[in-house]
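*Asks:* let's see this in three dimensions:
(chains A and B)
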Amino acid sequence: MQNPHEERALLEVRGLSKRFGGVAALSDCSLSIAAGSVTAIIGPNGAGKSTLMNLIGGLFPPDSGSIVFDGRDITHEAAHRRARGGMVRTFQISRELGQLTVFENLMLAGQDARVENALVSTFLRGRVARSERRVAERARRLLERVGLFRLADEPASALSGGQKKLLELTRALMLKPKLVLLDEPAAGVSPPMVRELCDTIAALRAEGLSFGIVEHDMDLVAELADRVYVLAEGTRLTAGSYAEVTRDRRVVEAYLGGVA
Amino acid sequence: MIAYLVTILTLVSIAAIVALALNLQWGLCGMVNFGIVGFVALGAYTTALLALAGTGPILALAGAVAVCALAGGLVALLSVRLSEEYLAIVTLGFGEIVRVVSLNEAWLTGGALGLPGIPRPLIESVPSESYDWVFLGLCLLALAAVFLLLESLTRSPFGRLVRAVRDDDVVAATLGKNVLRTRVVAFAVGSGVTAVAGGLQAFHFSYIDPSQFTPIVSAYAFMAVIAGGRGSNRGILLGACTVMVLLEGSRFLKDFVEVLDAEQLASIRLILIGLGLILFLIYRPQGFGREPRRSAGSLLGEAAADGRERTS
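*Replies:* Next up, the predicted model:
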């Protein structure tokens, strides 16, 4: 069931396992995300999707297995290094930085650690100001693109659920990533906003960005996904195009709870 | 009366420096420091020992800042593997350690007898009757310097980073930020600032002993930050004044209420202070000020100006 058009794998997950106490949240899970593609990960609740996302994002280490991103083994790399390496994730439940304004959320994501250094921030005002202006211009363009610029100075906590999802996506883009991992981008988002999100993701893919998407909204998966992985009970059930996996009886059974 | 006011203002500016330091650590970075009095004491003792050894006041202060910043960085580093609440316990422990060491290591700290005769800065070049005024000036100068430094840090990319780490450290890490480094630096800078307050206190009394550094100093700092509004350096200046007015102003109750004896008045004073703070929290829970946020306009307006500069 290999995708014939599959190009170089940007993210390669091999044999990933993670137990929490006696619960095997994920066991021997492998998948790959091709450069320039949208790869969806679906599965019923408790299938291990969020655990997989957290492992790839570096929130905690796996018990076994490896993660290779862009030709580099990142299995034991700290979360912030993965982000600097070009892989950014969002969260199932939006985690905006509530006390920061929408604009500051983007500024933060786009600013370089060398400028955020306390000494540089205090003493090299000119350099900081120049760098801030460059980042601000990018932030403005991105916010205008998704229609959030009019809310730039609002605290992020004041946004609606859908706007927060958009904010998370644009904030991720400020890091100029190669791969964006979206954890249920459509959950709790109004239908017109889902439409907007879909269009934005499709447009970004056309520009060469790769996505990994965990999603329950099958319309979104059908529209966007080049390849779909189905997870059930912590392990990979099947993979293929959307049409292929939805024809698979095991997938239907997994969703109906009858997996053998 | 004037002399009393000068003394109070001196103490207010010292307390305000502690509160500003706590604002960076707790208000902006979300790191609870219940042991901030330990850093004040460490700063005071380091300054005193260096000054007694013959270093100039500026060098003594600088030494204290370095020692406290290092200690603060280490304390923050100690707590990395622990969740946030544990930092409160670790800092509380640090405060106790400093107190117990200063009480028992008499060879270094003079123990309970303290360190007398700390040389005060400029004492020889200023007439003694106006010395308190000059020293107040020095304290206000130090406060202004600390305020400007912290205010510019708060509004800089570093301040934004610190606030982000406070709001959600996981998100900050997800956006490529080194959370540990940020916390350690913020805590170290705050501790270094606290050392300035400790040093000024040592110079002010020209005598220090462990009884000056009780946990109530930490409590005052927290009161000032809560009243001033977490994150707002300006609000905290006002907050520190308010707390001091409550604390010191209530001393004058005895002049107006004659039916009560001194002991009863002392108790009533504490009740009134508590009541004042509770009323404050009920009617103005967010404090006087709000943390500064950079507007998109200010960041982009500069961009437009910059573009014009380049084309012309």
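*Asks:* which ones are touching B:Val134?
*Replies:* By Cβ atoms under 8 Å, 6 or more residues apart in numbering or on different chains, B:Val134 lies in contact with B:Leu122, B:Val126. For every residue, glycine as well, the C-beta is placed using N, CA and C.
*Asks:* against B:Val146, how distant is it?
*Replies:* 19 Å (Cβ to Cβ, to the nearest Å).
*Asks:* can I assume A:Asn54 is in contact with A:Phe60?
*Replies:* Yes - the criterion here is Cβ atoms under 8 Å, and A:Asn54 meets it with A:Phe60 at 6.3 Å.
*Asks:* those two - which one has more neighbours?
*Replies:* A:Asn54 (20 against 12; other Cβ atoms under 10 Å in any protein chain shown).
*Asks:* how far does the one helix or strand that one maps to sit from the chain's center?
*Replies:* Assigned by DSSP states H and E, A:Asn54 falls within helix A:49-57. Chain-centre distance of helix A:49-57: 10 Å, with Cα atoms, centre = their mean, to the nearest Å.
*Asks:* find the centremost residue of chain A, please.
*Replies:* The centre of chain A sits closest to A:Leu181, judged by Cα atoms, centre = their mean, with a distance of 1.6 Å.
*Asks:* any idea what that residue is bridged to?
*Replies:* A:Arg89, A:Gly212 (DSSP bridges).
*Asks:* got a list of what residue 222 touches?
*Replies:* You didn't say which chain, so I picked chain A. The neighbourhood of A:Ala222, defined by Cβ under 8 Å, 6+ apart, consists of A:Tyr242.
*Asks:* please go with chain B instead
*Replies:* B:Leu22, B:Trp26.
*Asks:* and the helices in the stretch 151-260 of chain A?
*Replies:* For the stretch 151-260 of chain A, the helices defined by DSSP state H, counting those that start in this stretch occupy A:161-173, A:191-206, A:218-224, A:242-247, A:249-256.
*Asks:* nearest to B:Ile36, of those?
*Replies:* Shortest separation from B:Ile36 across the helices of the stretch 151-260 of chain A is recorded for helix A:161-173, at 33.7 Å, computed as Cβ to Cβ.
*Asks:* who does the closest one touch, helix- and strand-wise?
*Replies:* Where contact means 3 or more Cβ pairs under 8 Å, 6 or more residues apart in numbering or on different chains; DSSP states H and E, helix A:161-173 is packed against helix A:102-110, helix A:125-146, strand A:179-183, helix A:191-206.
*Asks:* 6 Å instead?
*Replies:* In this structure, helix A:161-173 packs against helix A:102-110, helix A:125-146, with contacts taken as 3 or more Cβ pairs under 6 Å, 6 or more residues apart in numbering or on different chains; DSSP states H and E.
*Asks:* relative to helix A:125-146, how tilted is it?
*Replies:* 130 degrees (axes from the mean of the first three to the mean of the last three Cα atoms, to 10 degrees).
*Asks:* buried ones in helix A:161-173?
*Replies:* A:Gly162, A:Gln163, A:Lys164, A:Lys165, A:Leu166, A:Leu167, A:Glu168, A:Leu169, A:Thr170, A:Arg171, A:Ala172, A:Leu173 (16 or more other Cβ atoms under 10 Å in any protein chain shown).
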